[in-house]
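# my questions concern the predicted model and sequence given below.
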Amino acid sequence: MDRTELAAALRTWRERLDPVDVGLPAGVRRRVRGLRREEVAQLAGVSVDYVTRLEQGRGPHPSESVVAALARALRVSDAEREHLYRLAGAVPPGPGRIRSAVRPSVARLMDRFTDLPAFLMDAKLDVLLWNPMAAALLGDLSALPPAERNAARQSFTGPWRWEEDPDRERLDRAMVSDLRRTAARYPDDPGLRRLVADLRAASPVFARLWDLRELDERHGDTKTIRHRELGPLSLDCNSLLVHADDQILLVYSAAPGTPEAQALDLLRVLGLQNVG
């Protein structure tokens, strides 16, 4: 572990980012450039003291999961991600593992979605990136620990689950089917194995559908999301596949003139200030 160089790299990469680059509100005028340590800690799911000690060259030996979380929080490139692992004394993920690194070109594409909720997921449905509109619609994902930023966890055991949703059964089956296909592509990925084991233990619905071993194609292009302030919103959902990385970019929208379109306009104006 090269503590000195690791500290310098973390500081440099933190200072080159703006809050809007990582789906956080811009907030008040800043005296220093880049993200604050508090924001990096929030995005990575670690304590501020932990980030501070790492940046001062006196931190502990970070685990592989922490290194991966820091890499996502700091929007590093592939080369920088591998460099970060080696500086931390860890081995970069090899072939056969689900890719959680985000290409800068994909991050720039997401930056273009300023008026629509959008978020990027890896093959096991971990949410890797999200924009402010997605946070306003689904809740502040940065407030969740990294392990909880997963669409399946939130849909089966978290606040995204809404039993009264008329599409609940269809969406459950489609999500379990997606994870079954992912398990076939990545049979040795430890994160996916842990996710499936956790969901089978925590959700009888997930356990039942997983044991059926069905492969369901009925995703549909409309999803109903229950917003705590605005109520149920029926939104069009388009999936854009990032083939090279086996990742999915989801974008929500609504037809002009509909109540849902007006709700999205309200979310864009208010952001995370009063609703979310």
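Alright, I've got the coordinates.
# now do the contacts for Ala201.
Going by Cβ atoms under 8 Å, 6 or more residues apart in numbering, Ala201 touches Ala207. C-betas here are computed from N, CA, C, even on glycine.
# for the stretch 51-200 of the chain, which spans come out with low pLDDT?
Scanning the stretch 51-200 of the chain for pLDDT under 70 picks out 162-164.
# how is the chain partitioned into domains?
3-87, 104-270 (automatic domain parsing).
# which among these is found nearest to Gly94?
The closest of these to Gly94 is domain 104-270. By Cβ to Cβ, the value is 10.0 Å.
# name the residues that touch stretch 169-189?
Under Cβ under 8 Å, 6+ apart, the answer for stretch 169-189 is 96-98, 123-125, 151-152, 155-156, 165, 192, 195-196, 205-206, 209-210, 213-220, 223, 246.
# of the residues you listed, just the buried ones, ChimeraX syntax please.
Buried residues among these (16 or more other Cβ atoms under 10 Å), as a ChimeraX selection:
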select :98,123,124,125,151,152,155,156,165,192,195,196,205,206,209,210,216,219,223
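# from Trp210, how far off is Phe113?
The gap separating Phe113 from Trp210 is 32 Å, by Cβ to Cβ, to the nearest Å.
# and if you look at Gln247?
From Gln247 to Trp210 the distance is 22 Å (Cβ to Cβ).
# now do Ala73
As for Ala73, its distance to Trp210 is 31 Å (criterion: Cβ to Cβ).
# could you do Pro159 as well?
According to Cβ to Cβ, Pro159 and Trp210 sit 22 Å apart.
# and for Glu39?
36 Å.
# cool, Leu195 as well?
From Leu195 over to Trp210 (counting by Cβ to Cβ), the distance is 11 Å.
# kindly report the same for Gly158.
Distance from Gly158 to Trp210, by Cβ to Cβ: 17 Å.
# over to Pro232?
Applying Cβ to Cβ to Pro232 and Trp210 gives a distance of 27 Å.
# got it, and Gly57?
Distance, Gly57 to Trp210, using Cβ to Cβ: 45 Å.
# quick one, helices of the stretch 151-276 of the chain?
For the stretch 151-276 of the chain, the helices defined by DSSP state H, counting those that start in this stretch cover 151-157, 168-185, 190-202, 204-212, 259-270.
# mind checking which of those helices is nearest Ala88?
Closest to Ala88 of the helices of the stretch 151-276 of the chain, according to Cβ to Cβ: helix 190-202, at 18.0 Å.
# what inclination does that closest one have with respect to helix 168-185?
With axes from the mean of the first three to the mean of the last three Cα atoms, to 10 degrees applied, the angle from helix 190-202 to helix 168-185 works out at 140 degrees.
# report the angle between helix 190-202 and helix 204-212.
Using the same axes, to 10 degrees: helix 190-202 against helix 204-212 is 120 degrees.
# what kind of secondary structure is the closest residue in space to Ala143 that isn't next to it in sequence in?
In this structure, Ala143 finds its nearest non-sequential neighbour in Gln42, 7.2 Å apart by Cβ to Cβ, 6 or more residues apart in numbering. Look at Gln42: counting by DSSP: H, G, I helix; E, B strand; the rest coil, its state is helix.
# please apply the same query to Glu5.
helix.
# any idea how far Gly57 is from the residue positioned nearest the centre of the chain?
Centroid-nearest residue in the chain, with Cα atoms, centre = their mean: Val127, separated by 2.0 Å. The gap separating Val127 from Gly57 is 31 Å, by Cβ to Cβ.
# ok, longest strand in the protein?
The longest strand of the chain (DSSP state E) is strand 231-242.
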